[in-house]
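S.K.: I need the structure of the sequence given here:
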Amino acid sequence: MTGDHVAGSERSAGGRASRRGRGGWLAALALLLLAGGAAAQEPRVECTLARDTVFEGEAVDYEVAVLDAAAPPPDFAAFTDFDVVAIGSRDVSSSQMTIVNGRMRREERVGVEYRFQLTPRRGGTLTIPSPTVAVDGRTFAGNSLELNVVPPDDKGRLRLDLRVTPAEVYPHQEARLTLRIAVRRAAGDRQGRDPVALLAQLESWEPPHLRLPWAELPAALGAGSPDEWLAPRIERGSQGGFAINEFRAQGMPLLLFDHRPRHATFDLEPRPASQADADWLAGLDGAPDDWFVYRLERTLRPTAVGRHEFAPATLKGRFITELDGRRATLDELFHRGHAASLLVREPPTEGRPADYSGAIGSFTLAAAVAPERARVGDPLTLTLRVGGSGNLAELAAPDLAARPEFARSFRVHAGSAESRDGERVFTWSLRPLAETVRAVPPITLAWFDPVRREYVTGSCAELLIEVTAAPALDPGSIVAAPGRERPAELQAEQDGLFAHDSDPRRLGDESVDWRTHAVAGVAMPLLTLGLLAAHGAWRRRHADPRGLRRRRAVVRAEERLAA
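M.R.: Got it, this is the predicted structure:
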């Protein structure tokens, strides 16, 4: 019995030790999983490149995903070999599967993906540094990448020319930004067809891709939005065309499970090259008939003074370089154009009129006054309409009160200005000071004409009016306030005539009696409740069957008694 008891005790102790060991192992595993979960939630920065080889001057898409953190855009201070342009961001989510002790565990991760375009500033094998992201006072770095930058290769088959004409303008003067593209025809093509349209006849083709850094311009250049000048050029048929940046046509379908963008194709007015094109596009090899020319143009109306730069455009694509019957040879070509600039000059100070207020353009003036007959002191409405082209919306009303020819004859109230139907309309209120006034003087306006490159002063004709004397007011007909003496003289105030009082509130008691409003505010709810109670009692009385029988019994008894 004793031995059995001891053995049982030992087995019990061993069982407890075994359970303690398993408990410790489970606790350690739980801590490990918790630590792993905590580590999995640590913010992470992942960087990816769309391609690992580009041409010099070609932009490449670069994405930076920040997972498990709400972080601002990354810092690119170390990117000295690249020009970085942000092209947007989007929320992303990812899932990760792990298996622990035969159990599958799925971990969801969310974050933000920032998209950029990197343009290398030099050739060779370049290292894209690790961008950094600041999260809650800590800095996290992404992974570095390698990019191979090779020299441009167009095989003498592509040309780009970007010009601004004229190269110097004044504010609000029109200039044109023109890009001309020349593509050599395919060798062996005896019909001399459009080489870009020829691509559309292939079973599988991609349009040549134009990259325009100046597709979107600041408002100070007055170029309008891309939709205004590119949308009319979208090619709706099957004649081929050029892709431009990342623009897509509205409603363009995507293939199933294919998330690549389908670019819109744009018609850039293809035509065979002429000798004028050969003179414009320096360096065209061979005869002009060997080339096809395409053109893209937009209008600029700059408002900001200074020099505006337009970065070079690039063209990349697979072009047909040789035709042998129905067999086509394609080569990938890349060409980078040159930059252009526009200088916007400030109007000169020499010859500037004293009353010049910043008007630039070419304008016409038309004035009118109503009514044309008035008495001294009566109001007249003077209207000036300014039409033409230029900075109409920025014109301010001339200060007529400061002009001696107006101050001698009229009291001039401040003018108002509004834009209406393509015109700038100014309105003033005038009051004649004497019956000797016979006309409203001409209104002059000075502006700078950027076409003639000189200051111009425009004027409208004087406006004839008839002014008569105003009847005198008898002081004896003025009644003073009760309890006050009649005034000996009148004072003219801006708001009217008062008996030595400039405060119009003295003419009547305008104070509000709060007691009347308080009584009304209390009585109205009580009266409403009383009416509702009376109406309810009346409805209950007429709906009671016993009461109805009693009332009807009286009527029947009276009828029987009368019978």
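S.K.: Using CSV, write down the CA coordinates of whichever helix or strand residue 556 is part of.
M.R.: Using DSSP states H and E, residue 556 sits within helix 545-562. Taking C-alpha atoms only, helix 545-562 is exported to CSV below (Å, rounded to 0.1, in the frame of the first residue of the first chain):
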residue,chain,number,x,y,z
PRO,A,545,-74.1,57.5,-27.9
ARG,A,546,-75.8,58.1,-24.6
GLY,A,547,-75.8,61.8,-25.1
LEU,A,548,-77.1,61.5,-28.6
ARG,A,549,-80.0,59.3,-27.4
ARG,A,550,-80.9,61.8,-24.7
ARG,A,551,-80.9,64.7,-27.2
ARG,A,552,-82.9,62.8,-29.7
ALA,A,553,-85.4,61.6,-27.0
VAL,A,554,-86.2,65.3,-26.2
VAL,A,555,-86.9,66.0,-29.9
ARG,A,556,-89.1,62.9,-30.2
ALA,A,557,-91.1,63.8,-27.1
GLU,A,558,-91.7,67.3,-28.3
GLU,A,559,-92.9,65.9,-31.6
ARG,A,560,-95.3,63.4,-29.9
LEU,A,561,-96.6,66.1,-27.6
ALA,A,562,-97.3,68.4,-30.6
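S.K.: For that helix, enumerate the helices and strands it packs against.
M.R.: For helix 545-562, there is no helix or strand it packs on, judged by 3 or more CB pairs under 8 Å, 6 or more residues apart in numbering; DSSP states H and E. Bear in mind the C-beta positions are built from the backbone N, C-alpha and C, glycine included.
S.K.: So which residues of the stretch 251-400 of the chain form helices?
M.R.: 275-280 (DSSP state H, counting those that start in this stretch).
S.K.: Under the pLDDT cut-off, which ranges of it? List them.
M.R.: Where the stretch 251-400 of the chain drops to pLDDT under 70, the residues are 251-262, 283.
S.K.: give me that answer again for 50
M.R.: For the stretch 251-400 of the chain, the stretches flagged by pLDDT under 50 are 251-261.
S.K.: Now do the strands in it.
M.R.: 271-272, 291-300, 306-310, 314-324, 327-336, 340-344, 361-370, 373-375, 380-390 (DSSP state E, counting those that start in this stretch).
S.K.: Just checking: what are the partner strands of the first one?
M.R.: Applying DSSP bridges, strand 271-272 is found paired with strand 291-300 (antiparallel).
S.K.: Just the buried residues of the partner strand, please?
M.R.: Using 16 or more other CB atoms under 10 Å as the test for burial, strand 291-300 gives 291, 292, 293, 294, 296, 298, 300.
S.K.: Could you list the residues in contact with stretch 451-463?
M.R.: With contact meaning CB atoms under 8 Å, 6 or more residues apart in numbering, stretch 451-463 is reached by 170, 173, 347, 351-353, 356, 362-369, 372, 382, 384, 439-449.
S.K.: If we use 6 Å, what do you get?
M.R.: Stretch 451-463 is contacted by residues 351, 353, 365, 367, 369, 439-449 when judged by CB atoms under 6 Å, 6 or more residues apart in numbering.
S.K.: pLDDT-wise, which helix or strand of the chain ranks last?
M.R.: Every helix and strand in the chain was compared by mean pLDDT, DSSP states H and E; the lowest is helix 2-40, with a mean of 43.
S.K.: Skip ahead from that helix and say which helix or strand is next.
M.R.: Following helix 2-40 in sequence, per DSSP H and E, is strand 44-49.
S.K.: Mind giving me the packing neighbours of the helix or strand following that following strand?
M.R.: Note on strand 44-49: by DSSP H and E, the next helix or strand toward the C-terminus is strand 53-55. Under the contact criterion of 3 or more CB pairs under 6 Å, 6 or more residues apart in numbering; DSSP states H and E, strand 53-55 touches strand 145-150.
S.K.: Now the strand it packs on: average pLDDT?
M.R.: Averaged across strand 145-150, the pLDDT comes to 92.
S.K.: distance between that strand and the chain's centre?
M.R.: Averaged C-alpha coordinates place strand 145-150 at 36 Å from its chain's average position (CA atoms, centre = their mean, to the nearest Å).
S.K.: and it, what does it pack onto?
M.R.: strand 53-55, strand 124-128.
S.K.: What is the most widely separated pair among the contacts of stretch 451-463?
M.R.: Pairwise distances across these (CB to CB) peak at 31.8 Å, for the pair 351 and 369.
S.K.: With neighbour numbers in mind, choose between the two.
M.R.: residue 369 (18 against 10; other CB atoms under 10 Å).
S.K.: I'd guessed the more buried one sits against residue 382; true?
M.R.: Yes: using CB atoms under 6 Å, residue 369 makes contact with residue 382 at a distance of 5.1 Å.
S.K.: just to revisit the earlier point, of the contacts of stretch 451-463, which count as buried by neighbour count?
M.R.: If we count by 16+ other CB under 10 Å, these have these buried: 365, 367, 369, 440, 441, 443, 445, 446, 447, 448, 449.
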